[in-house]
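Asks: Attaching a predicted model along with its sequence, questions to come.
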Amino acid sequence: MTRLALLGATGSIGQQALAVAAANDDLEVVALAAGSDVDGLCAAARATGAQRLALADPAAAERAAAELGRPVAGGPDAIEALAREAEADVVLNAVVGAAGLRASLAALEAGRDLALANKESLVAGGPLVLAAARAGGGAILPVDSEHSALMQCVGDAPAEQVASLVITASGGPFRGRTRAELEGVTVEQALAHPTWAMGAKITVDSATLMNKGLEVIEAHYLFGVPYERIEVVVHPQSIVHGMARLRDGALIAHLGHPDMRVPISWALTWPRRAPVDARPLDLAEAFSLDFQPPDLVAFGCLRLALEAGRAGGTAPAALNAANEEAVAAFLAGRIGFLDIEALVQDALEHDGGGPADALQAVLAADAAARERVAARLGGGA
Ligand code: NDP
Ligand code: MG
């Protein structure tokens, strides 16, 4: 029996993780956490019987406690405490944004395995997350579909045998558009992802290709591979999730219809594999697999993320924080689509730099980038 603590239980990944757990008798959900969704947390608590509950919003936690008739811890510290203290074998972090960083560190410091959907943890605090894993002895098991695929493609090949990692991108709803054609696209258009149904923030990140940039940084830390050996390729069908080029010329790929339950189940049942009722890829059916290079001029967020990754230090934390604020402003109708890139670029130019080897430094870079975006928004972006 694997005991699971699920952070971000009310979100897109969280709900799919609950479905994976419900379909697997060997997975027991013992703890649940979310942001402020009282109804969602109460429903998940009733469905799973999880003992330990937390909401980041203290007032929401009080309402949930009243509704359930039992304690629900409240506040950001309560999420971190749950990740550290819940009697779980694995903590699945499916919180959105850098708000998930401290919970990732807490789970790893406590020696638990971390099933990681919250890529922002690694982007903002990569060196800290790796150090916490080394100190605690737990594994980091990627839930992001590309990284799950890559880990399976690499297998037990030592680093020197891996020539490069190939991360696929669907290209999002605006694939093939020029920069001029991105001017004036709407929130509704940005949220209409062609192949994946996900939370709003990552869906916008997929439209700007920032998501792919975050994933390159995520892969850099997860696999210890330098940036020049990580490739991004646009693959509109989202069937090949990742590929590893080995030094003898072999290109190992991981294929399947897009379904996040597959990487979620892999991370929660590693190193075993459990059955998932995912639609099989029918090879008798005619389908094609297309690949093309990404357009770094139209999709400047990907270029900025690659630059921030190579710069290292606090630059990825600043990039990520500015992006979170800019995406929120775009979703709220306050700025246009291309303003996301402009705001991120501006915040990066103003990042003080320095190493990201202390939580304080990462949180300071994160806060400064958010303030920079807020100031620009106040003055009209
Ligand atoms: P959603 O927006 O659907 O869900 C976000 C979850 O995080 C909700 O449960 C929300 O709670 C919770 N949350 C938000 N803020 C806080 C906070 N401050 N403290 C604690 N919990 C909080 O996002 P997704 O499920 O789409 O994405 C989650 C993560 O997984 C992201 O990092 C994303 O990049 C990654 N990911 C997602 C994929 C997908 O298919 N969706 C694929 C690959 C990676 P509440 O509902 O109460 O606000
Ligand atoms: Mg992904």
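Replies: Thanks, I have it. Treat the numbers as computed from the prediction; the structure is a model and nothing was measured. Numbers count the residues shown, from 1 in each chain. Ligands and ions are numbered 1, 2, ... in the order given.

Asks: interface residues of this protein facing ligand 2?
Replies: Residues of the chain that fall close to ligand 2, judged by CB under 5 Å from the ion: Asp144, Ser145, Glu146. Any C-beta I mention is one placed from the backbone N, CA and C, and that applies to glycine too.

Asks: Which of these fall within helices?
Replies: Ser145, Glu146 (DSSP state H).

Asks: Kindly indicate which of the residues of the chain next to ligand 2 lies nearest Val297.
Replies: Set against Val297, the nearest of the residues of the chain next to ligand 2 by CB to CB is Glu146 (23.0 Å).

Asks: which residues touch that closest one?
Replies: By CB atoms under 8 Å, 6 or more residues apart in numbering, Glu146 lies in contact with Ile167, Thr168, Glu215, Ala219, His241, Gly242.

Asks: my guess is Thr10 meets Ala34, correct?
Replies: Yes: counting by CB atoms under 8 Å, Thr10 does reach Ala34; the two are 4.2 Å apart.

Asks: okay, those two: which has more neighbours?
Replies: Ala34 (27 against 23; other CB atoms under 10 Å).

Asks: so which of the residues of the chain next to ligand 2 are also by ligand 1?
Replies: Asp144 (CB under 6 Å from any ligand atom).

Asks: anything in contact with each of Thr10 and Ala34?
Replies: The contact sets of Thr10 and Ala34 overlap at Gly40, Leu41, Ala44 (CB under 8 Å, 6+ apart).

Asks: most neighbours, which of those residues?
Replies: The most crowded member of the shared contacts of Thr10 and Ala34, judged by other CB under 10 Å, is Leu41 (28 neighbours).

Asks: and that residue, that one's in a helix?
Replies: Yes: counting by DSSP: H, G, I helix; E, B strand; the rest coil, Leu41 is found in a helix.

Asks: Renumber starting at 47 from here on
Replies: Right, with 47 as the first residue, what we last looked at is Leu87.

Asks: Might one say that it is in contact with Leu78?
Replies: Yes: counting by CB under 8 Å, Leu87 does reach Leu78; the two are 6.2 Å apart.

Asks: how much space is there between Arg318 and Asn70?
Replies: Distance, Arg318 to Asn70, using CB to CB, to the nearest Å: 11 Å.

Asks: quick one, what contacts Leu168?
Replies: Leu168 neighbours (CB under 8 Å, 6+ apart): Ser150, Leu162, Val175, Ile263, Glu264, Tyr267, Leu268.

Asks: And the first one, how far from ligand 2?
Replies: Ser150 sits 17 Å away from ligand 2, going by CB to the ion, to the nearest Å.

Asks: Can you tell me which residues in the protein are near ligand 1?
Replies: Residues of the chain lying close to ligand 1 (CB under 6 Å from any ligand atom) are 54-60, 79-83, 86, 102, 125, 140-142, 145, 163-166, 190, 242, 244-245, 247-248, 306.

Asks: how about 5 Å then?
Replies: 54, 56-60, 80-83, 102, 125, 140-142, 145, 163-164, 190, 244-245, 248, 306 (CB under 5 Å from any ligand atom).

Asks: coming back round to it: kindly point out which residues are neighbours of both of Leu87 and Leu78.
Replies: The contact lists of Leu87 and Leu78 share Ala55, Leu99, where a contact means CB under 8 Å, 6+ apart.

Asks: pLDDT score assigned to the closest residue to ligand 1 within the stretch 47-196 of the chain?
Replies: Nearest residue of the stretch 47-196 of the chain to ligand 1, counting by CB to the nearest ligand atom: Gly57, 2.0 Å away. For Gly57, the pLDDT comes out at 98.
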